[in-house]
Structure formats: structure tokens, C-alpha cells
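**Student:** Provided below are the primary sequence and the corresponding predicted coordinates.
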Amino acid sequence: MMIRGIRRGLAFFLLALASTLSQSAEMQWDANSYLRIPVKLGSDTRLVMPEPFDDAWEHDEEVSATLLDPRTLIIRPRTARVEQRLTLRGRQSGTLFLARVSSALPYTPLVVVQAPAPSGRALTDAVSEPTVTSLLKAMMLGTAPPGFRVDKSSRVLLDLAPYRVVAEQLWQSSRQAGVIARLHSTLPRRPIALVPANIQIRIAQLGTLRAMAADDYELGPDLGSTHIYLVYAR
């Protein structure tokens, strides 16, 4: 009787596991389109990233987000209709992941994101022109790719509360440009969230702003400024 009960429990566990796996979504970041993250009121979505990450939300009040472990984010919507952007930066690689969180997508409780896969074409392109994410990573590491000229700068790029942004370095090649800048909070006694979607710094002579990353995504009394990284392409 006990063996029969154990078998029945094991069968139920395997059935539940199969059901969960069948409802999971696996995707690979291609640096060209948004990761699509479905959510549903009353349910949790587990987002599993390929490495530990920092996250910045467009609207914090719409969702509850907590870390299950360094690579897994549990997302629980507070409203029935959610449509917003989420930015994640890999702490190890510096990869910038851009996601769209939406209640309009077909719901799955588990979303697993794979790291970008290198290809022969990508390796060839990297020798001549880095990708947006690889240029961001190079700026974070302070190592200019071949073909880039690095110049110092002190130009004020943005001075609008609660942010003040001052350029420190300009990286340029024939088709791309990168800017390393220091972003200061103009309200040092208040916590300020850095939301890349809300910080639009247009520099016409450098081309179109393609991506932004930061060392820290929240400023406050203990941290009044942080480095940000901007990538432009002609």
C-alpha cells in the first residue's frame, strides 16, 4: 500500500513538472528586439537570466519584483493591465538586456533567457565594428575596441531635475560613438531611480542613441552619482 502511495505521489510530481515545463518559454537575447515577458494578475512569472543582473523598471508601482536567487526574478503584477519596459544589465558580462513586460502576451509562468550565442558572422563583425552590447561592455571595462579614438570631454549633456549628466570621455569610430558620463542626482537627499527609457540624451552629430547602461540604477543619500554609458550609431 505504501509503495502504491509513493508511486502515485511520484506520478503526480512528474505530471506537475511536465505541466510547468510545457508552460515555460525559452528565448535568446539577440540585442535587436525586446525580450517578451508575459504577466497575469494573481500569478507569478519567474524570469531566469543567464547571469546575475541589475534591473530598472519603467513603472515600479505596476509590479512587485523580488529576487528568488541572483539569476531569478519573480514578477507579480499589481494591476490587470500591465505594459512597460524593463532594463537588465548582466553584472558579469555587462550585457544590456531590454525587455517588455505585458499582460497582453500569452501567459507562461517561467521565462528562461539564454545568453547571446556567438556566430562566425558576429566574430567577424567584432573585429571591424563591435555590437551595441559589446561596445557598452568595452566602455564599462575601459578598453577601447580597435579603430576607436578616445577623447576627454567635460560637456554638460543634460541638466534637468532630478539628473545632471556631464560627459567624461568620447569614443568614436567611423560608424559608432560611445560616451562615458557621470550622472549626478540634483536631489541628493531623496532616492532617485535611473530609468534608461526616461533619459533621452540626443547628440545629432553622433547619430541615433541605441542603448544606455549604468553602474548603479538607484541614487540616494549614500550614492549621489554614477557612471552611465551611451552608445550612438550613424
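**Tutor:** Received, thanks. Numbers count the residues shown, from 1 in each chain.
**Student:** and Thr79, which of the three is it?
**Tutor:** coil (DSSP: H, G, I helix; E, B strand; the rest coil).
**Student:** Leu41 is in contact with that one, correct?
**Tutor:** Yes: using C-beta atoms under 8 Å, Thr79 is in contact with Leu41, at 6.9 Å. C-betas here are computed from N, CA, C, even on glycine.
**Student:** and the closest residue to Arg71 other than its chain neighbours, backbone torsions?
**Tutor:** The shortest distance from Arg71 to any residue other than its chain neighbours is 5.1 Å, reached at Met49 (C-beta to C-beta, 6 or more residues apart in numbering). Main-chain torsions, Met49, degrees, to the nearest 10: phi -100, psi 160.
**Student:** what's the answer for Gln205, then?
**Tutor:** According to degrees, to the nearest 10, Gln205 has phi -70, psi -10.
**Student:** So it versus Leu170, what's the distance?
**Tutor:** 11 Å (C-beta to C-beta, to the nearest Å).
**Student:** now His227
**Tutor:** Counting by C-beta to C-beta, the gap from His227 to Leu170 is 14 Å.
**Student:** Which residues lie in contact with Val179 in this structure?
**Tutor:** 153, 157, 167, 169-171, 201, 203, 206, 229-230, 232 (C-beta atoms under 8 Å, 6 or more residues apart in numbering).
**Student:** and the most centrally placed residue in the chain, what does it touch?
**Tutor:** What sits nearest the mean C-alpha location of the chain, by C-alpha atoms, centre = their mean, is Leu88, with 2.0 Å. Neighbouring residues of Leu88 by C-beta under 8 Å, 6+ apart: 49, 53-56, 96-97, 99.
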